[in-house]
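Trainee: have a look at this prediction, sequence included:
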Amino acid sequence: MPLVRVEISHLFGQIDHQLKIDTATRLTVFTAPNGYGKTVLLNLIDAFYRGDLPFILSVDFKQLEFIFEQQSVHFNKLDEQRLSISHKIGNKTSGEQQLFDINDFSDGFNPKELDQIYQTIATTAQSQMDIWGNNDFAQQCHEASVNQHPEAVRWNKQLYSHEIKALLKNQPVNLISSQRFHLTTQNETDLFNCNNETTLIAIEKCAIDLASEFSAHQQNYEQTAKELDATLPNRLLAQDQSCELEPKILHKQYKNLYKTRIELESIGLLQPQVPPLPAPADINQADVKLIDLLVKDLRTKLNLFQSLMNKVDLFIMMVNQNLSFKSLALCPQNGFKVVCDNNKTIKLGILSSGEQQLIILSYQIAMSMQEHLLLLIDEPEAGISSQWQTNLLNTFKQLIKDFNTNIIIATQSAHIIDNQDNLIIKRCESCGHLH
């Protein structure tokens, strides 16, 4: 069920926002002055769908409401430790009102979950200490990381009522942070030791992650191939002997699969192994049933790469339609690389800031893409030229068509705003609301 409006009152103790989602075009662009809560609003939407109640509790507001076509979910912040949560159908409350009390979880924190929350909050504040510095919750988090409770309680959608779970079921969400240029990680065994930080170049992290994806898929392919090869004789004997198969059809199917495999071989994901079939006229009828099984097995193995390669193709397209004198190329051992027109490889860390921003943004969007995704993007224009912004906006519209995606963008870009006048939610100076 699509989200149609988000309302929040007394954000930061003084601002009311009413964000209407454009369900017709499925592309909502909104802007407001710096410091008025655009990023926080995106993070709250993301936290709502993920069930990150501690993050919602950490934000200073009075009431928060997520409104759908016929239902709504209401959060009332009772104090710094408690939230009340209610679900409504129309104007009538459905089910019992829930109470989330952070103190109920003080002895069961999961350090990995805490790290995720810390990283999310870091996108909405100048530093983590701006939010956590004098908060008792921070001390509880620290104690949890020290104690390493094996029975740690997860805060996620399981804490929602049955009605809210049903409302949010099967809705994938991805938040693209504006602070994506650099990443800061900490040792998992010492999440709260600020002296144990390592600053990474985000573009290199993207390449490493893609290399890991390639490696995992290669291993899965090899394991599946071994299992299919081991069972081939038994499956051949068990095959329906009365089934008549047309050599021409088999040859066409195999030819298409063979082409796909050659493409994977050309980028180094697979080693050359599969020979081409002879012409249909040269296929012995006695071999048809064996070839039928080989075609089915090859399809099974290649399908393991399909979803990943669809995302990778989107990633490459989003980048290469913008780059000049350079192009992004796949490199299974290193994920990807950037190559100049003279075939020289450029180190990722010395690309311009705009090129790095483009690659990081494209990677994060492409690798998360799936049907009916709710995509939240904070300041996609960061470091990117006006022409690239236009290209990205056109790509977003195409993603909406191809994947039935809903996209919500918070921006300061006059270029994006000027091209999307009908989608802008502006702050009213008289009432402080977003309209």
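Mentor: Yes, it's here.
Trainee: was I right about residue 83 contacting residue 75?
Mentor: Yes. Using CB atoms under 8 Å, residue 83 is in contact with residue 75, at 5.6 Å. Glycine gets a C-beta too; all of them are placed from N, C-alpha and C.
Trainee: secondary structure element for residue 298?
Mentor: helix 288-320 (DSSP states H and E).
Trainee: mind listing what's buried in that helix?
Mentor: Going by neighbour count (16 or more other CB atoms under 10 Å), the buried part of helix 288-320 is 289, 291-292, 294-295, 297-298, 301-302, 304-305, 308-309, 311-312, 314-316, 318-319.
Trainee: coming back round to it: between residue 83 and residue 75, which contacts overlap?
Mentor: Taking CB atoms under 8 Å, 6 or more residues apart in numbering as the contact definition, residue 83 and residue 75 share the neighbouring residues residue 56.
Trainee: okay, the two: which has more neighbours?
Mentor: The neighbour count for residue 83 versus residue 75, taken as other CB atoms under 10 Å, is higher for residue 75 (23 against 19).
Trainee: doesn't that one fall inside a strand?
Mentor: Yes. Checked against DSSP: H, G, I helix; E, B strand; the rest coil, residue 75 lies within a strand.
Trainee: check contacts around it.
Mentor: The contact partners of residue 75, taken as CB under 8 Å, 6+ apart, are 56, 63, 64, 65, 83, 84, 85.
Trainee: what's near enough to touch the nearest residue to the second one once chain neighbours are set aside?
Mentor: Read it as residue 63. Distances taken as CB to CB, 6 or more residues apart in numbering place residue 9 nearest to residue 63, at 4.6 Å, with adjacent residues excluded. Counting by CB under 8 Å, 6+ apart, residue 9 touches 16, 61, 62, 63, 64.
Trainee: tell me which element residue 16 falls in.
Mentor: Here residue 16, judged by DSSP H and E, is contained in strand 15-20.
Trainee: show me what counts as buried in that strand.
Mentor: Burial within strand 15-20, assessed by neighbour count using 16+ other CB under 10 Å, is assigned to 15, 16, 17, 18, 19, 20.
Trainee: any idea which of those residues is closest to residue 367?
Mentor: Residue 367 lies nearest to residue 19 out of the buried residues of strand 15-20, by CB to CB, at 26.6 Å.
Trainee: any stretches of the stretch 251-400 of the chain with poor pLDDT?
Mentor: Applying pLDDT under 70 to the stretch 251-400 of the chain flags residues 274, 277-282.
Trainee: do a quick rundown of the strands in it.
Mentor: 326-331, 335-340, 345-346, 374-378 (DSSP state E, counting those that start in this stretch).
Trainee: what does the last one rub up against?
Mentor: Same thing as strand 374-378. Residues from elsewhere that reach strand 374-378 (CB under 8 Å, 6+ apart): 3, 38-39, 42, 45-46, 49, 123, 171-178, 361, 365, 368, 399, 405-410.
Trainee: hmm, which of these are the buried ones?
Mentor: Buried members of the contacts of strand 374-378, counted by 16+ other CB under 10 Å: 3, 38-39, 42, 45-46, 49, 123, 173-178, 361, 365, 399, 405-410.
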